[in-house]
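[1] got a structure for you, letters missing:
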């Protein structure tokens, strides 16, 4: 029987990163990555297949990253794990021994039990090249697209599907606003405004009652009774941990139905680790279960799992969600808790906001507005979250904020944070949004 | 005699920020800002007057920022401070009482004692609108420009002066490379390559012996004997704290000739604070004197001084220099210590590097390479510095690194840092440069 030191199950962001991390930390170990897909899609890049990058073939993770790191690749599916004798069995009938096993089996899209959901031209967002190619082909024939769910997937698909197409797009969202599970209402309102300017119709606080048609979808019936014409539907209502293999071999699941892991990313079996979308998560703030699923978090967990395989080196302090996206030409980003979520968790909060151009003087090229909102706990002054909107440097600024959250920095720490500024890169040092938002939070506390 | 609670001397970044901070922290106090300039230039924006923004009038700090914050403005010069009775005397003969005084008198360019340095068409970089307008007028008549000093001022002036002009530009630098007081040699080499591609000649490891000409400069004679033709010279060799007023009233200076301050930005006189370029600085890393002068640091010190005026609220933990610039279309940034400087300070260092496109997949618009180099102390694994080169998001990424330095994060902390990523904004989560540079530092330690 073939035997390797480490077997990683799953070839997406979590699996690749776990394998590379193992290679970096344990250079002498043999590492095998088993995945069922011939080609691996960049998960967050999937919406961009439908507009900006023109096709799934332009959105692949090259296998070269595995070769370069001396990771063996096997395209096959694991059907069973023999935990006592430590070997896996594949669909092709191969048995492969392991010393340590990493489960990075990802997630699967949720298909809601709505009547008619199995009709033709109703799609979920699968990480599958040929399925996505079919979706793209159908999109290019479509006049009326309905997107169910106005979260990140819904908003990004709407923004991409409109590009270079004459198509009517309608987004149906259950909550008051799109993106409302992530951002505070003021940012959601701006995001919706941008979508509307591009001709996208948003129907909020509304549910889908059924899909209309025979074999093929022809329309969407809403709970209010309104009917929408539709020759294509995309369901973007979230995904669930893919735990089939883990459950099958008796590994426990957590409260959000992810594979239960400890702070070292170990499952109940000392020799089996889990990371990424398939693993149970807890919040950095209060240790409570979190069902956020993000590729960035997946790779973070993989950097912990991979380092801990042969001796504990790293601890998972819990999930700090860091989200970002671009709608039209405006970036939206959040790290940690929104004001609403912080209040829901019982925090007494104080908020500071600051906005300024991202260049100085404002005649500099590429000038765009950039707005920062920070949420602190009143009393301790510890930062709980930040939201950024505007210029594309938001994508890195939100990571500076994430570092502040991770290190439990206070209003004062952030107001006197040693930032750098430059005319061609950032706001002026007088107006720098991050430090000034902290000062505004202080000022707001003074006034209470 | 007129009397105010707080008088701020100096109207540039430090003075404005000290006044605003005082307003935010002590809303009931009256604040007066006295400056001698009618108009205030954005200090870091000065090089961009000569190319991108076309004139000093396009690079002003609007006085509206003072009005908005209810700060009184007086255009006048303070000639004396009566410390016992707490009042200042101005050039116009006014006496104004204060409770607390903030000195933000900035810096003055260094004029080296080189023979001929007082000839016509030899300029330093003064924060003075009409002087800069004269400089711009002369530049537009110039065929051969020699810039003495290849630091940030020299490099940025060279890059801007070439724009839309047929002009021969030569930079004379004493050290081995341009920008070598800040960056490690590998980054300096790339910066020089970019300058050379734009037709700028760089003469390194060379000194100016004298300026040639009669009343008006005609050339530059180098120590090697070589002579350069020149109808204009810009001296960019640094600046010195402007301490004339402080010295005149008996305040002590520090080792780098800045006004001596304690960790609360207080001078030897309890009622007088100093901040910005005029104030003495110490390093965050070892408490030793630092003669770095940056607008971002100035505003940071002002946020400390302003908050401490009527009760100590904030401590200055010392200077973490954060630099950034753009040459051609490539950003260069550093926070903390370069590898060379860390070694000079006696650290045993370990270095990690990572580079990747700033978008994913690479077919996304605005894709540019982005390279991160991190320097850690071997053993403790604490981060000492970071350098970033490439895409313009460097301007914010360097601030994420600065937060890591400020919080003394380790290789492991940074490798498992909760970053966010997005196709249209950052590298992929697998290739994210900051976390991966930390991993590469770990790997490099493993191999030792």
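    Here it is on my side, so go on. Remember, predicted model here, so these are calculated numbers, not experimental data.

[2] going forward, measure contacts between C-alpha atoms and count neighbours the same way
    Will do.

[3] Quick check: which ranges of the stretch 301-448 of chain A have low pLDDT?
    Within the stretch 301-448 of chain A, not a single segment meets pLDDT under 70.

[4] In it, which residue sits nearest chain B?
    Residue nearest to chain B within the stretch 301-448 of chain A: residue A:400 (3.7 Å; CA to the nearest CA).

[5] wait, is that residue part of a helix?
    Yes - assessed by DSSP: H, G, I helix; E, B strand; the rest coil, residue A:400 belongs to a helix.

[6] That one is in contact with residue B:401, isn't it?
    Yes - Residue A:400 lies in contact with residue B:401 (CA atoms under 8 Å); the separation is 7.4 Å.

[7] more neighbours, the two?
    Shown here are residue A:400 and residue B:401; by other CA atoms under 10 Å in any protein chain shown, residue B:401 has more neighbours (30 against 26).

[8] Next, the contact list for the more buried one, please.
    A:400, B:335, B:385-386 (CA atoms under 8 Å, 6 or more residues apart in numbering or on different chains).

[9] Quickly note the distance from it to residue B:337.
    Remark: distance between residue B:401 and residue B:337 (CA to CA, to the nearest Å) = 11 Å.

[10] Spell out which residues are contacts of both of those two.
    In contact with both residue B:401 and residue B:337: B:385-386, using CA under 8 Å, 6+ apart.

[11] Can you check what pLDDT the model gives residue A:105?
    pLDDT for residue A:105: 98.

[12] Which residue, neighbours along the chain excluded, lies closest to it?
    In space, residue A:105 comes closest to residue A:10 once its chain neighbours are excluded; the distance is 4.9 Å by CA to CA, 6 or more residues apart in numbering or on different chains.

[13] For the residue lying closest to residue A:336 once chain neighbours are set aside, I want the exact helix or strand it lies within.
    Distance criterion CA to CA, 6+ apart; nearest residue to residue A:336, sequence neighbours excluded, is residue A:385 at 4.3 Å. Using DSSP states H and E, the element containing residue A:385 is strand A:383-390.

[14] quick one, what contacts the residue nearest the centre of chain A?
    Nearest to the mean C-alpha position of chain A, by CA atoms, centre = their mean, lies residue A:294 at 2.7 Å. For residue A:294, the contacting residues are A:276-277, A:321, by CA under 8 Å, 6+ apart.

[15] quick one, domains of chain A?
    Chain A breaks down into these domains under automatic domain parsing: A:2-107+A:240-308, A:111-237, A:322-447.

[16] Go through these and pick out the most buried.
    Highest mean neighbour count of these: domain A:322-447, a mean of 23 (counted as mean count of other CA atoms under 10 Å in any protein chain shown).

[17] so how far is the first residue of stretch A:145-161 from its last?
    Stretch A:145-161 has an end-to-end distance of 9 Å (criterion: CA to CA).

[18] circling back to that earlier point, between the contacts of residue B:401, which is closest to residue B:142?
    Taking CA to CA as the measure, residue B:142 sits nearest to residue B:335 out of those, at 36.2 Å.

[19] Double-check that closest one against residue B:386; I have them as touching.
    Yes - counting by CA under 8 Å, residue B:386 is a contact partner of residue B:335 at 5.4 Å.

[20] For the two, list the residues in contact with both.
    Between them, residue B:335 and residue B:386 share these contacting residues under CA under 8 Å, 6+ apart: B:398, B:401-402.

[21] The strand holding residue A:385 - contacts with which helices or strands?
    For strand A:383-390, the packing partners by 3 or more CA pairs under 8 Å, 6 or more residues apart in numbering or on different chains; DSSP states H and E come out as strand A:330-336, strand A:369-377, helix A:394-406.

[22] related to what we said a few turns ago, on the strand side of things, show who the residue nearest to residue A:336 bridges to.
    Beta-bridge partners recorded for residue A:385 (DSSP bridges): residue A:336, residue A:375.

[23] residue contacts, it?
    Neighbouring residues of residue A:385 by CA under 8 Å, 6+ apart: A:334-339, A:374-376, A:401-402, A:405.

[24] cool, and residue A:257?
    By CA under 8 Å, 6+ apart, the contact set of residue A:257 is A:240-241, A:280.
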